[in-house]
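S.K.: Sequence first, predicted model second:
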Amino acid sequence: LPIESVALQALVSEPIKPCMDVVVMANTVHGYMSQSDKGEMVIGGGTDGYNNYTQRGSFHHIEETVRALIETFPMISRLKMLRQWGGIVDVTGDRSPILSKTPVEGIFVNCGWGTGGFKAIPGSGWGMAELMAKGHSPLTEAFGLNRFREGRFIDESVAAGVAH
């Protein structure tokens, strides 16, 4: 499968008074920030250039993400970071999922969602069920494996605000 695993990470600050009720994405610095219900600032960025399969990211990437967001939001420069974690997501070359039959009879794939899976996988289930039951689904047609062989890539990398 044309899938690459990439490491993402996030940080959480000490709680502060409510100041942000939206997710702010700063695509020029590949970062995002939001505030939790507890007042913690949740900070994340683009992919870590040092891919690995651990649950923590590289210090270099953490420093780079925080420095870039401090330039955008100077108010966070005095916050203490409480914890940091990392995770692995699978992405395709065009950053769109694969919803497809495979050349092997009875084998189907639904993968490559990156960070969009939690939001979109429930809807894709409908299309995959139709594909498995009927052999064809208009909902999954554009996301087939054959797009990589035919060069019909889907240009959706900016849909998430932070291109992974």
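M.R.: Cool, the structure landed.

S.K.: check contacts around Glu14.
M.R.: With contact set as CB atoms under 8 Å, 6 or more residues apart in numbering, Glu14 has these partners: 40, 79-82. Where C-beta positions appear, they are placed from N, C-alpha and C, glycine not excepted.

S.K.: sorry, that was for Tyr53
M.R.: For Tyr53, the residues meeting the contact criterion (CB under 8 Å, 6+ apart) are 5, 88.

S.K.: swap the cut-off to 7 Å and go again
M.R.: Ile88 (CB atoms under 7 Å, 6 or more residues apart in numbering).

S.K.: Am I right that Arg149 is in a helix?
M.R.: Yes - according to DSSP: H, G, I helix; E, B strand; the rest coil, Arg149 belongs to a helix.

S.K.: What is the burial count for it?
M.R.: A total of 9 residues lie near Arg149 under the criterion other CB atoms under 10 Å.

S.K.: Quick check: the gap between it and Pro103.
M.R.: Summarising the geometry, the distance separating Arg149 from Pro103, computed by CB to CB, to the nearest Å, is 11 Å.

S.K.: Also Arg67?
M.R.: Summarising the geometry, the distance separating Arg67 from Pro103, computed by CB to CB, is 47 Å.

S.K.: residues touching the nearest residue to Cys111 once chain neighbours are set aside, list them.
M.R.: When the adjacent residues along the chain are set aside, Cys111 lies closest to Ile98, with 5.5 Å between them (CB to CB, 6 or more residues apart in numbering). With contact set as CB under 7 Å, 6+ apart, Ile98 has these partners: 1, 92, 109, 111-112, 143, 145.
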